[in-house]
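Trainee: only geometry, no sequence info:
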């Protein structure tokens, strides 16, 4: 596949590399083409890797990942352009963290709305799926770093877009049984509001290389 | 022990019964003494069970559980009285759910504050511990309903209060290794903001008898 990855931070670089490693052609997008980090990544990563603006990356991709900082995601996707996003799968892995008041971060949106819903409303023709925001970048693409079974969530309004996302998650090593569909895009509220707990789990366990396994009572009968 | 349980709903009744079953003397508290549900429970539950007002229940207890509806907890505890709460362990198991705008509920407080913090600020001499709010009532007192290992969180500013809470959790069947201390009372933000995800997990799995197991990468070396 051709995949655009928006964002040059740890998450964007980790996803881009994992996708190239699995044979996809990836264009990493930044605020403008020629971003130093994006150029360095593309040069190191061989012929499947390229870089450009946010708009270049989305135009290049059959689908795109939003791996920008959540507080700036709406702006980044506006730079990418609504026409470019129309009809495309947009996997939103970002978290709307606000570090402006110091630590711990708060969320720029929560409770009765979420960043993924904001994106879906701003780009109604994009097929937004929230996924992967509940684990650190390394675990996104190598779930076996965390021992045993554990769960990754997806949500979105478009069933085929979620199925396509699940196939990519399986390429990253997530077993089908570990992928839990939480329903429509409003479930992103829960997935994003989990972040404050996730940050405390990191603090309490001493590592961000963690995840939760959802366990359910056996059905009666 | 003598334990006051504030609240006559499913959570209050489940906790009260589990505590009586383990030999504790329990006074269930309601807005006023003689609450129909509390009287019926006390009559059915033998000589260790009694009922009264919120103030009666807290005065009776060496410690208290807040199992009132989160949206009304501050008011309930004000009725119980700051003098009664001074120095006592108050285990807050409530969630600040607001159903006034329909389903799904939102939280009355979140992001940069939490109900447990509001309670601790309102009653600075109480020793508030947040615990058990992340599982349904039946699982609180019978964790084995959910198969395998899974995790229960505690937080609070007073280490001895958390240790005392952990001993009660162990009486309910939580193995010591399943009890994860998330730190000071501000961790309650994460524990309470988990609720929207928990509600979606219930929806996706079809049962509230669920929990998460926190899994962490093995330490290097």
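Mentor: Structure received. The structure displayed is predicted, hence computed values, not measured ones.
Trainee: C-alpha only now, for contacts and for neighbours.
Mentor: Fine.
Trainee: Excluding sequence neighbours, find me the nearest residue to residue A:11.
Mentor: Ranked by C-alpha to C-alpha, 6 or more residues apart in numbering or on different chains and with sequence neighbours excluded, the top spatial neighbour of residue A:11 is residue A:137, at 5.1 Å.
Trainee: ok, the one you found - contacts?
Mentor: Going by C-alpha atoms under 8 Å, 6 or more residues apart in numbering or on different chains, residue A:137 touches A:10-11, A:14-15.
Trainee: Which residues are in contact with the residue nearest the centre of chain A?
Mentor: Compute the mean C-alpha point of chain A, and by C-alpha atoms, centre = their mean the closest residue is residue A:93, 1.8 Å away. Going by C-alpha under 8 Å, 6+ apart, residue A:93 touches A:65-67, A:130-133.
Trainee: and the residues you listed, which of them are in strands?
Mentor: The strands, defined by DSSP state E, take in A:65-66, A:130-131 from those.
Trainee: Same list, those, but as TSV with pLDDT, distance to chain B and neighbour count please.
Mentor: Formatted as TSV, the ones in strands among the contacts of residue A:93 follow (pLDDT from 0 to 100; distance: C-alpha to the nearest C-alpha, whole Å; neighbours: other C-alpha atoms under 10 Å in any protein chain shown):
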residue	pLDDT	distance to chain B	neighbour count
A:65	98	22	28
A:66	98	21	26
A:130	98	13	32
A:131	99	13	27
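Trainee: Roughly how far does the residue nearest to residue A:209 when sequence neighbours are not counted sit from residue A:63?
Mentor: Computed as C-alpha to C-alpha, 6+ apart, the closest residue to residue A:209 that is not its neighbour in sequence is residue B:217, at 5.6 Å. Using C-alpha to C-alpha, to the nearest Å, residue B:217 is found at 31 Å from residue A:63.
Trainee: Which one's more surrounded, the two?
Mentor: residue A:63 (24 against 17; other C-alpha atoms under 10 Å in any protein chain shown).
Trainee: Which residues are in contact with the closest residue to the more buried one other than its chain neighbours?
Mentor: Distance criterion C-alpha to C-alpha, 6+ apart; nearest residue to residue A:63, sequence neighbours excluded, is residue A:89 at 4.9 Å. Contacts for residue A:89 (C-alpha under 8 Å, 6+ apart) come out as A:62-64, A:126-129, A:161.
Trainee: at 6 Å instead, please
Mentor: By C-alpha atoms under 6 Å, 6 or more residues apart in numbering or on different chains, residue A:89 lies in contact with A:63, A:127, A:161.
Trainee: Chain A: strands as residue ranges?
Mentor: A:2-6, A:25-30, A:49-53, A:63-66, A:89-92, A:97-98, A:106-107, A:127-131, A:152-156, A:179-181, A:210-216.
Trainee: re earlier: what is the nearest of the contacts of residue A:89 to residue B:78?
Mentor: Minimum distance to residue B:78 across the contacts of residue A:89 is 48.6 Å, recorded for residue A:127 (C-alpha to C-alpha).
Trainee: give me the beta-bridge partners of the closest one?
Mentor: Counting by DSSP bridges, residue A:127 is bridged to residue A:89.
Trainee: how many neighbours does it have?
Mentor: Using other C-alpha under 10 Å, residue A:127 has 23 neighbouring residues.
Trainee: quick one on the thing from earlier: adding distance to residue A:37, write the strands of chain A out as TSV.
Mentor: Below are those laid out as TSV (distance: least, C-alpha to C-alpha, whole Å):
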stretch	distance to residue A:37
strand A:2-6	12
strand A:25-30	9
strand A:49-53	10
strand A:63-66	17
strand A:89-92	21
strand A:97-98	22
strand A:106-107	27
strand A:127-131	24
strand A:152-156	29
strand A:179-181	32
strand A:210-216	27
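Trainee: Of all those, which one comes closest to residue B:83?
Mentor: When these are compared (using C-alpha to C-alpha), the closest one is strand A:106-107, at 34.0 Å.
Trainee: quick one: that closest one to chain centroid distance?
Mentor: 18 Å (C-alpha atoms, centre = their mean, to the nearest Å).
Trainee: That one pairs with which strands, parallel or anti?
Mentor: By DSSP bridges, strand A:106-107 pairs with strand A:97-98 (antiparallel).
Trainee: For burial, what's the neighbour tally of residue A:51?
Mentor: By other C-alpha under 10 Å, 29 other residues sit near residue A:51.
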